[in-house]
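**Student:** sequence-free structure coming up:
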């Protein structure tokens with residue numbers, strides 16, 4: 001599997017090199033033209049466990065890793081770190097299905113990939129004498145999952161940037177209390193798009209050159225890294241297998257997937273699974289009020305020149321969906337010149353437009369819709385009252401959009417991306433239609449207890465225990481100071 005940039009086929013790398021670099025030198029994302037040639041036989045994986053299926057997929061897409069390396073990586077990533085052996089259980093939500101992606105150490109879907117990525121990076125680094133500094137932007141969940149995955153990993157340091165006061169208080173505490181000798185967390189004045197754009201600029205900055213001169217390479221744990229994307233394809237195949245095992249479908253039957261997303265990474269993994277032969281009928285893209293993806297999939301115009309809205313589904317508060325670039329590369333038949341021009345236009349004007357012919361191809365696979373905060377709360381309440389399922393605001397966005405877009409007669413799987421207990425206040429108020437008259441001083445733990453009492457469910461221990469942990473990560477900087485910050489942490493504070 002040779003990988004190259006979405007914008008230039010001259011820059012090539014094997015999967016180990018691509019994973020260590022994260023981002024291409026020209027700002028593009030690593031893709032492989034062999035993806036369309038790779039086919040995964042559903043009969044071959046029918047009787048395999050999650051770990052075995054993961055190893056099979058990794059061996060196809062990351063084929064310069066040895067069998068021994070992949071076996072060790074999979075075992076380290078998925079043994080003892082999830083609260084269920086099935087890793088991503090499939091359950092019912094009314095007549096549809098919920099793929100539970102929140103059973104990892106940080107209670108979010110990012111764990112599935114970010115328990116694996118450090119293993120892949122460590123194997124790729126072994127014996128090289130190199131050091132890697134991970135710089136990552138987060139809208140809420142990637143940060144904690146990446147910090148937990150990379151904590152105390154030899155020769156790898158990690159710095160996570162998050163938008164100040166634009167994550168839930170539980171998400172904030174997950175990052176601010178993070179332990180580990182090789183980790184740092186820093187808030188930035190701005191929103192997620194500011195943080196993400198700032199991280200991308202670091203890769204071509206003077207700070208990056210200075211780090212490189214001292215033997216430290218920058219990389220990323222965001223879904224722009226192919227090592228983040230590949231592990232997410234596994235649970236699409238895994239959920240399909242379970243539908244077959246439960247006689248909901250027969251092998252070869254088509255299935256819809258509905259994915260709440262902001263950066264397009266999680267739904268792109270479903271598209272990769274489709275390219276590899278999974279019988280996907282439609283991928284339903286669910287957005288919140290920052291509905292740049294809904295507008296693009298409807299009109300063909302991607303325009304981030306709009307008001308940024310802070311919502312109760314903060315991990316989707318994104319206006320620059322980086323992974324859309326990979327989808328457009330494949331849909332366009334691998335047209336690097338087109339992708340380069342579109343991304344240039346996005347950088348210079350904040351918008352681009354694809355042709356009607358290309359949009360038609362996109363719409364053959366992708367459906368879309370969005371939910372505002374009121375509709376999101378209604379979906380949380382409806383899911384609980386009608387099906388008994390407790391869902392978080394991001395999953396609720398998907399639940400609303402799924403009900404409007406699923407295909408009659410075809411099973412639909414909704415990807416549930418986080419524990420509802422990461423967003424206790426909004427979930428509690430949505431279900432019980434009850435707002436505290438005086439909410440001052442009532443933090444996420446107050447609502448965690450109220451939600452638990454009201455629904456007869458228990459919050460995950462990893463979230464409950466945050467209450468007693470000290471806040472040790474308090475840094476706050478402006479966007480333009482990110483370069484100086486990573487230099488200080490890498491050199492003066494010895495993050496390694």
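**Tutor:** Ah, there it is. Given the structure is predicted, the values throughout are model-derived calculations rather than measurements.

**Student:** just give me how far the helix or strand where residue 447 lies sits from the chain centre.
**Tutor:** Secondary structure from DSSP states H and E places residue 447 in helix 444-455. Here helix 444-455 shows a centroid-to-chain-centroid distance of 27 Å under the convention C-alpha atoms, centre = their mean, to the nearest Å.

**Student:** after that helix, next one along is what?
**Tutor:** Beyond helix 444-455 in the direction of the C-terminus, DSSP H and E gives the next helix or strand as helix 461-464.

**Student:** over that following helix, what's the mean pLDDT, rounded is fine.
**Tutor:** Per-residue pLDDT over helix 461-464 has a mean of 95.

**Student:** what residues of the helix or strand following that helix count as buried?
**Tutor:** Per DSSP H and E, the first helix or strand lying C-terminal to helix 461-464 is strand 475-477. Neighbour-count burial for strand 475-477, with 16 or more other C-beta atoms under 10 Å as criterion, is recorded at residue 477. The way it works is simple: take the backbone N, C-alpha and C, and place the C-beta from them, glycine included.

**Student:** list the helices and strands the very next helix or strand once past strand 475-477 packs on?
**Tutor:** Sequence-wise, the next helix or strand downstream of strand 475-477 (DSSP H and E) is helix 482-487. Secondary-structure packing of helix 482-487 (3 or more C-beta pairs under 8 Å, 6 or more residues apart in numbering; DSSP states H and E): strand 156-163, helix 192-202, helix 206-213.

**Student:** how does it look with 10 Å?
**Tutor:** strand 131-137, strand 156-163, strand 183-188, helix 192-202, helix 206-213, strand 216-219, strand 475-477 (3 or more C-beta pairs under 10 Å, 6 or more residues apart in numbering; DSSP states H and E).

**Student:** now the helix holding residue 447: buried residues?
**Tutor:** Buried residues in helix 444-455, counted by 16+ other C-beta under 10 Å: 444, 445, 447, 448, 450, 451, 452, 455.

**Student:** turn these into a markdown table, including distance to residue 360 and pLDDT.
**Tutor:** Written out in a markdown table, the entries for the buried residues of helix 444-455 read as follows (distance: C-beta to C-beta, whole Å; pLDDT from 0 to 100):
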| residue | distance to residue 360 | pLDDT |
| --- | --- | --- |
| 444 | 45 | 88 |
| 445 | 50 | 93 |
| 447 | 46 | 94 |
| 448 | 47 | 95 |
| 450 | 49 | 95 |
| 451 | 45 | 96 |
| 452 | 48 | 97 |
| 455 | 45 | 96 |
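
**Student:** among those, which one lies nearest to residue 409?
**Tutor:** Taking C-beta to C-beta as the measure, residue 409 sits nearest to residue 455 out of those, at 32.8 Å.

**Student:** re earlier: format the buried residues of helix 444-455 as JSON lines; extra columns: distance to residue 98.
**Tutor:** Rendered in JSON lines, the data for the buried residues of helix 444-455 read as follows (distance: C-beta to C-beta, whole Å):
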{"residue": "444", "distance to residue 98": "23"}
{"residue": "445", "distance to residue 98": "26"}
{"residue": "447", "distance to residue 98": "23"}
{"residue": "448", "distance to residue 98": "21"}
{"residue": "450", "distance to residue 98": "24"}
{"residue": "451", "distance to residue 98": "18"}
{"residue": "452", "distance to residue 98": "20"}
{"residue": "455", "distance to residue 98": "16"}
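
**Student:** in stretch 326-333, what counts as buried?
**Tutor:** Within stretch 326-333, the residues that count as buried by 16+ other C-beta under 10 Å are 326, 327, 328, 329, 330, 331, 332.

**Student:** with stretch 205-218 instead?
**Tutor:** Within stretch 205-218, the residues that qualify as buried by neighbour count (16+ other C-beta under 10 Å) are 205, 207, 208, 211, 216, 217, 218.

**Student:** show the model's pLDDT score for the nearest residue to residue 102 once chain neighbours are set aside.
**Tutor:** Leaving out its chain neighbours, the residue that sits closest to residue 102 by C-beta to C-beta, 6 or more residues apart in numbering is residue 419, at 4.5 Å. Per-residue confidence for residue 419 comes out at a pLDDT of 96.

**Student:** repeat for residue 414
**Tutor:** Per-residue confidence for residue 414 comes out at a pLDDT of 98.

**Student:** how close does it sit to residue 311?
**Tutor:** Using C-beta to C-beta, to the nearest Å, residue 414 is found at 19 Å from residue 311.

**Student:** distance between the longest helix seen in the chain and the chain's centre?
**Tutor:** Of all the segments assigned as helix in the chain under DSSP state H, the longest by residue count is helix 226-245. Distance of helix 226-245 from the chain centroid (C-alpha atoms, centre = their mean) equals 14 Å.

**Student:** give me the helices and strands touching the following helix or strand past it, please.
**Tutor:** The C-terminal neighbour of helix 226-245 among helices and strands, as given by DSSP H and E, is strand 255-260. With contacts defined as 3+ C-beta pairs under 10 Å, 6+ apart, strand 255-260 has these neighbours: strand 96-100, helix 226-245, helix 265-275, strand 280-287, strand 366-370, helix 393-405, strand 412-416.

**Student:** need the mean per-residue confidence for stretch 64-84.
**Tutor:** Over the span of stretch 64-84, the pLDDT mean works out to 96.

**Student:** ugh, typo on my part, it should be stretch 208-216
**Tutor:** Here the mean pLDDT over stretch 208-216 is 91, rounded to a whole number.

**Student:** first-to-last residue distance for stretch 19-36?
**Tutor:** Across its full length, stretch 19-36 reaches 20 Å end to end, with C-alpha to C-alpha, to the nearest Å as the criterion.

**Student:** fine by me, we can end here.
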